[in-house]
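# curious how this folds, go ahead:
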Amino acid sequence: MSSLTIDRCWFLLMRILLWCFALCSACDRKNVLPDDKPRILEMEVVGIDKEEVVVDQIKRMIIVELPDEINHPLLYTRIKLTKGAELVTRQNAALPPDTVRYGFQFNRKAPLSIELADEYKGNKCPIAGDESFSIKMKNFFDGSPGELHLKHQLDLSAPEIVINSCQIAFSDGPSDEKFNVSIPLRSRIVPGPYNISFHKQNGRMATASKPLILDKGSIRLTWTGYLLERSINGAPVKITGFNLYESSNLAITLTDADGKTYQTKLTGYDPFGQSVTLHPDRSIRAGYYTLQVLTNGKLASYYDGARTFQNYRFAVTKTPQQPFIMMFEGADIKHHEYSDVFLYRDKPLTFEKERAAGYMMWGFANRKTSILWFDVEMESITQPGYVSRKYIGVRNLVKYQEGVEEQLEDQAYLNCPPGKYRMRVVVTNPETREEYKSEPFERVVEIR
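This is a model prediction of the structure:
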């Protein structure tokens, strides 16, 4: 039940009560009410006094006064209908013309209340982490959805964070008062204390007595180690990620295939820690680099439960039109090395000839055109002068806009004679015969 959201809870309430928004269709015209329509005569909700459940025939509404001890939607009903009437679900598309629809209204006398869960560690939650935080809400269920609001206590200019019911789930089960809350990853967050309140569409509202402290979490740029951004001839480029706050005293280094390290300059910090502008050294050459982020002089890392990310693959191209290889891995999962694939520059990426297929991601920016061809060019080291081109997936794609950065991914088939190769991506405009070649992939590709 841990993934059951409030919206789904309400839907479950509708389904279990059935009979909330139930449809009654007549089968026998005897013993019906004066308007000659089938009706619900009585409804009993198990666990609730009979006098607290009223069927309003004028409004065609079932009104339920919910007692304080009921804090879940698992309600069961007994229903008495007019003779010959039957209940049908509202999903039924072929309803008879004399169908009568009933709605539900749930009332609560006890006020809504909300607090952080007692066992929650120090009222703190890391920004852009994998953890959720827990809240307790009493007298919550009343058939009305709502939203959780987080408002910064100290920085009144910080945007309010609104969390809808899709990010709120039962902690242990629908009879429990505790809910787990996940903050949307791209929320604009200023670290610090936030007031917590819940607002329902029917006007009920509650505020927690203690704030939630949103702390800076682990720095990360991507989930794969491969960056979509690239620099053109060392020009500034915006790098996106999480927890890239200026107050963390950040620095970024670039290391080329020969082990030379370049110091960079950082400007343009996003106040919500989601981007920073990187200024590479203007003397930097086109090619592929290991990008590392340091905070207060220490290498920043992020652990996703399976892998640690602290090195990222970054490209520098000569022109906007020059393509670059973001990632190349063996199609067989056993070849996948994820974020460390670019660290083994002295270790060939090997393939068996009969299974020489890899998975590639590449980027480019092109002039406006209606068709482009994408190929892998294999230049032999073993047999100098031998060059082979193999297409990448579907060669001709849709129209492209001038100067727009594009990122593509597909299978690349390397059906070449055994030997060692330098690999490039080639983008060709068949209408003009213009072609652009990437810098060679820094690892030697070996076909066995």
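# how close does the closest residue to residue 245 other than its chain neighbours get to residue 147?
Of all residues beyond its chain neighbours, the one nearest residue 245 is residue 273 (4.3 Å), with distances taken as C-beta to C-beta, 6 or more residues apart in numbering. Bear in mind the C-beta positions are built from the backbone N, C-alpha and C, glycine included. For residue 273, the distance to residue 147 (C-beta to C-beta, to the nearest Å) stands at 24 Å.
# those two: which is more packed in?
residue 273 (25 against 16; other C-beta atoms under 10 Å).
# just checking: what are the partner strands of whichever strand or helix holds residue 228?
Assigned by DSSP states H and E, residue 228 belongs to strand 226-232. Strands that pair with strand 226-232, judged by DSSP bridges, come out as strand 312-317 (parallel).
# how about residues contacting the strand it pairs with?
Contacting residues not belonging to strand 312-317 are listed as 221-222, 225-227, 229-234, 254, 280, 284-293, 323-327, 339, 341-342, 363, 438-439 [C-beta atoms under 8 Å, 6 or more residues apart in numbering].
# quick one, which of those are buried?
221-222, 225-227, 229-232, 234, 254, 280, 284, 286-293, 323-327, 339, 341-342, 363, 438-439 (16 or more other C-beta atoms under 10 Å).
# okay, now the unreliable bits of the stretch 1-150 of the chain?
Under the criterion pLDDT under 70, the flagged ranges of the stretch 1-150 of the chain are 1-35, 69, 71-74, 89-94, 118-121.
# kindly recompute the last result at 80.
Judged by pLDDT under 80, the stretch 1-150 of the chain has its weakly predicted residues at 1-37, 47, 68-76, 84, 87-98, 118-122, 129-132.
# what ranges do the strands span in it?
Assigned by DSSP state E, counting those that start in this stretch, the stretch 1-150 of the chain shows strands spanning 23-26, 40-45, 53-56, 61-66, 77-81, 85-88, 100-101, 103-108, 113-116, 124-126, 133-138, 146-152.
# out of the ones you listed, nearest to residue 240?
strand 124-126 (18.6 Å; C-beta to C-beta).
# buried ones in that closest one, by neighbour count?
Neighbour-count burial for strand 124-126, counted by 16+ other C-beta under 10 Å, picks out 125-126.
# remind me what it packs against, helices and strands.
With contacts defined as 3 or more C-beta pairs under 8 Å, 6 or more residues apart in numbering; DSSP states H and E, the packing partners of strand 124-126 are strand 212-215.
# ranges for the helices of the chain?
Secondary structure of the chain, counting by DSSP state H: helices at 6-17.
# pull up the gap between residue 445 and residue 375, please.
As judged by C-beta to C-beta, residue 445 and residue 375 stand 15 Å apart.
# which one's more surrounded, the two?
It is residue 445, of residue 445 and residue 375, that has more neighbours when counted by other C-beta under 10 Å, with 24 against 19.
# for stretch 182-197, give the mean pLDDT please.
Average pLDDT, stretch 182-197: 93.
# doesn't residue 236 make contact with residue 229?
No. With contact defined as C-beta atoms under 8 Å, residue 229 does not reach residue 236; the gap is 10.7 Å.
# which ones among the buried ones among the contacts of strand 312-317 map onto strands?
Among the buried ones among the contacts of strand 312-317, DSSP state E puts 226-227, 229-232, 254, 287-293, 324-327, 363 in strands.
# how far does stretch 184-192 sit from the chain's center?
Relative to its parent chain, stretch 184-192 has a centroid offset of 14 Å by C-alpha atoms, centre = their mean, to the nearest Å.
# what lies in contact with it?
Contact partners of stretch 184-192, identified using C-beta under 8 Å, 6+ apart, comprise 127-128, 152-155, 158-159, 161, 163, 167, 183, 213-216, 242, 245, 271-274.
# please redo it, this time with the cut-off set to 6 Å
Here stretch 184-192 makes contact (C-beta atoms under 6 Å, 6 or more residues apart in numbering) with 127, 152, 154-155, 158-159, 161, 214, 216, 272.
# possible to save those as JSON lines with neighbour count?
JSON lines is the format used below for the contacts of stretch 184-192 (neighbours: other C-beta atoms under 10 Å):
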{"residue": "127", "neighbour count": "20"}
{"residue": "152", "neighbour count": "20"}
{"residue": "154", "neighbour count": "10"}
{"residue": "155", "neighbour count": "14"}
{"residue": "158", "neighbour count": "20"}
{"residue": "159", "neighbour count": "15"}
{"residue": "161", "neighbour count": "19"}
{"residue": "214", "neighbour count": "24"}
{"residue": "216", "neighbour count": "19"}
{"residue": "272", "neighbour count": "19"}
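# for residue 45, state which of those is nearest.
Distance to residue 45, by C-beta to C-beta, is smallest for residue 161 among the contacts of stretch 184-192, at 36.3 Å.
# which residue is the nearest non-sequential neighbour of the closest one?
Spatially, and ignoring its direct neighbours in sequence, residue 161 is nearest to residue 150 (4.0 Å; C-beta to C-beta, 6+ apart).
# what residues are bridge-paired with that neighbour?
Legend: beta-bridge partners of residue 150 under DSSP bridges are residue 161, residue 196.
# how deep is it tucked in, by neighbour count?
Neighbour count of residue 150, defined by other C-beta under 10 Å: 23.
# ok so, going back, farthest-separated two in the contacts of stretch 184-192?
Top of the distance list for these (C-beta to C-beta): 159 and 216, 17.0 Å.
# list the buried ones in stretch 313-326?
By neighbour count with 16+ other C-beta under 10 Å, stretch 313-326 contains the buried residues 313-317, 320-326.
# tabulate the strands of the stretch 1-150 of the chain (JSON lines), appending distance to residue 189.
Conversion of those to JSON lines gives the following (distance: least, C-beta to C-beta, whole Å):
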{"stretch": "strand 23-26", "distance to residue 189": "45"}
{"stretch": "strand 40-45", "distance to residue 189": "42"}
{"stretch": "strand 53-56", "distance to residue 189": "45"}
{"stretch": "strand 61-66", "distance to residue 189": "35"}
{"stretch": "strand 77-81", "distance to residue 189": "44"}
{"stretch": "strand 85-88", "distance to residue 189": "48"}
{"stretch": "strand 100-101", "distance to residue 189": "44"}
{"stretch": "strand 103-108", "distance to residue 189": "33"}
{"stretch": "strand 113-116", "distance to residue 189": "17"}
{"stretch": "strand 124-126", "distance to residue 189": "10"}
{"stretch": "strand 133-138", "distance to residue 189": "13"}
{"stretch": "strand 146-152", "distance to residue 189": "9"}
